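Q: Attaching a predicted model along with its sequence, questions to come.
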Amino acid sequence: MELNIQRKLQGIPPSIFPIMTGLANQYNAVNLAQGFPGFDADKDLIQLVNHYMLAGKNQYAPMQGVPILRERLCAKMDEQNGYSYAPDSEICITAGATQAIFTVVSAVIKKGDEVIIIDPSFDCYDPVVRFNGGIPIRSALKKVKTLDSNGSQHIIFSYDWKDIQSKVSKKTRMIIINTPQNPTGTVFNKRDIQELRKIVQHSNVIILSDEVYEHIVFDDCSHESIGKYPDLVERSFIVYSLGKTYHTTGWRMGYVFAPKPMMECFMRAHQYQVYAVPTPLQYAIADYTLKKDKYLELSAFFQERRDYFVQCLDGSKFKSISCPGTYFQLLDYSAITKENDVDFAKWLTKTKGVASIPISVFYEDKKQDNLLRFCFAKDLEELEKGAERLLKV
Ligand code: GLN
């Protein structure tokens with residue numbers, strides 16, 4: 001009999017990130033596609049890992065993470081957002097934010113439950129819901145024209161709360177929000193929090209808040225964490241990434257907060273999916289979180305890179321979209337071609353030597369916005385090299 005394992009995976013597309021990184025490597029392109037830093041982690045942090053490995057911290061950690069790291073991350077959350085989670089029962093250290101997201105959804109979503117996802121949405125949300133029998137219900141951000149303080153016109157993405165509200169039904173079990181948002185950079189403001197509150201209050205809807213870019217917000221923006229709002233906290237899982245904050249995406253380290261009863265559900269899934277994550281990395285990061293400047297300086301550090309990249313593109317046919325947060329810059333290429341963004345991104349990689357991420361893959365209907373996403377978490381020389389190549393298009 002012919003084996004049939006395909007059926008379960010129908011409708012789950014291959015992730016765009018390895019595709020574009022593979023193409024970048026093959027064509028020796030400047031890789032501004034997949035979002036990872038082009039510079040190394042701090043040597044002090046690496047030395048701490050070595051230290052704890054040599055000190056014998058090499059066996060299983062507790063399932064929810066080593067106590068000292070949990071305590072320090074709870075203290076950090078409290079200091080930043082004023083919410084005090086219990087280190088012994090309301091936090092879990094995970095193998096990156098992606099695992100945290102998978103585990104949350106697998107712990108909560110049953111067959112037929114609806115999950116609201118806001119497009120363009122990070123690529124794992126929709127498949128993770130499907131894997132667990134849920135039904136993704138997608139709403140799209142809207143593009144809005146605004147004027148900045150100099151009177152210049154800008155395009156920004158903003159939440160279409162009317163549309164989101166219209167997608168809520170009796171079957172809605174979860175809404176996934178992501179602020180600062182990958183790929184558009186959109187950040188929640190206080191009005192967005194109000195609108196979210198209207199949708200979830202008096203309902204059975206859980207919030208999954210992906211806040212992995214919490215420390216990367218620009219200009220006058222600040223990060224509106226769900227952790228600042230106790231009435232929302234009580235129905236939320238909040239997910240963070242240590243890879244994004246400490247330039248260690250390859251370590252696959254993240255964490256999730258939730259009120260105790262919700263964390264108990266999470267742990268029931270986590271124990272059989274991952275059990276626990278690497279012990280020496282946890283001890284090292286626990287020490288390193290005490291160096292607050294390492295994360296407090298991130299916004300200024302990345303804003304310099306964003307501004308440099310945009311400035312280097314001055315005079316090019318690519319038009320930049322406002323980027324209030326994350327380390328991704330969207331560029332509109334409609335003055336160059338009307339070609340679809342996947343083909344254009346591949347062409348740009350192969351013939352011009354710059355890799356990016358096409359945005360249509362993040363939409364349910366593969367909507368063509370003529371936008372490409374460029375990661376500016378790179379050294380200035382690399383950004384300059386990428387921009388020089390884009391200027392020739
Ligand atoms: N979060 C990163 C990005 O958006 C990489 C994600 C991944 O490779 N899975 O590019």
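A: Great, that's in hand.
Q: What parts of the stretch 151-300 of the chain come near the ligand?
A: For the stretch 151-300 of the chain, the contact set with the ligand under C-beta under 6 Å from any ligand atom comprises N182. All C-beta spots, glycine's among them, are computed from the backbone N, C-alpha and C.
Q: let's go with 8 Å and repeat that
A: Applying C-beta under 8 Å from any ligand atom, we find that the stretch 151-300 of the chain lies next to the ligand at 182-183, 212, 244, 249.
Q: what do you get for the stretch 1-150 of the chain?
A: 15, 17-18, 21, 33-36, 98, 122-124.
Q: give me every residue that touches the closest residue to the ligand within the chain.
A: With C-beta to the nearest ligand atom, the shortest gap between the chain and the ligand falls at G35, namely 2.9 Å. G35 is in contact with 17, 182, 249, 327-328, 375, 377, counting by C-beta atoms under 8 Å, 6 or more residues apart in numbering.
Q: On the three-state scheme, it is what?
A: Put simply, G35 is coil when judged by DSSP: H, G, I helix; E, B strand; the rest coil.
Q: And it, how far from I68?
A: To I68, G35 is 29 Å away according to C-beta to C-beta, to the nearest Å.
Q: Kindly report the same for G386.
A: 40 Å.
Q: Can I have the buried ones of the contacts of G35 as a ChimeraX selection?
A: ChimeraX command restricting the contacts of G35 to the buried ones, with burial defined by 16 or more other C-beta atoms under 10 Å:
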select :182,249,327,328,375,377
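Q: any chance of the residues of the stretch 1-150 of the chain next to the ligand in CSV, with pLDDT too?
A: Output for those, formatted as CSV (pLDDT from 0 to 100):
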residue, pLDDT
S15, 93
F17, 96
P18, 95
T21, 96
A33, 97
Q34, 94
G35, 95
F36, 95
T98, 97
F122, 97
D123, 94
C124, 96
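Q: top of those by neighbour count?
A: Using other C-beta atoms under 10 Å as the neighbour test, these are led by A33, with 27 neighbours.
Q: what are the phi and psi angles of it?
A: Here is the backbone geometry of A33 (degrees, to the nearest 10): phi -90, psi -90.
Q: got the contact list for it?
A: Applying C-beta under 8 Å, 6+ apart, we find A33 in contact with 17, 20-21, 24, 345, 349, 355-357, 373, 375.
Q: can you check I193 too?
A: Here I193 is in contact with 224, 229, 232 (C-beta under 8 Å, 6+ apart).
Q: next one: phi and psi at it?
A: Dihedral angles (degrees, to the nearest 10) for I193: phi -60, psi -40.
Q: Can you classify N150 as helix, strand or coil?
A: Strictly by three-state DSSP, N150 counts as coil.
Q: ok, so what distance separates it from Y83?
A: 37 Å.
Q: of these two, who's got more company?
A: Y83 (19 against 5).
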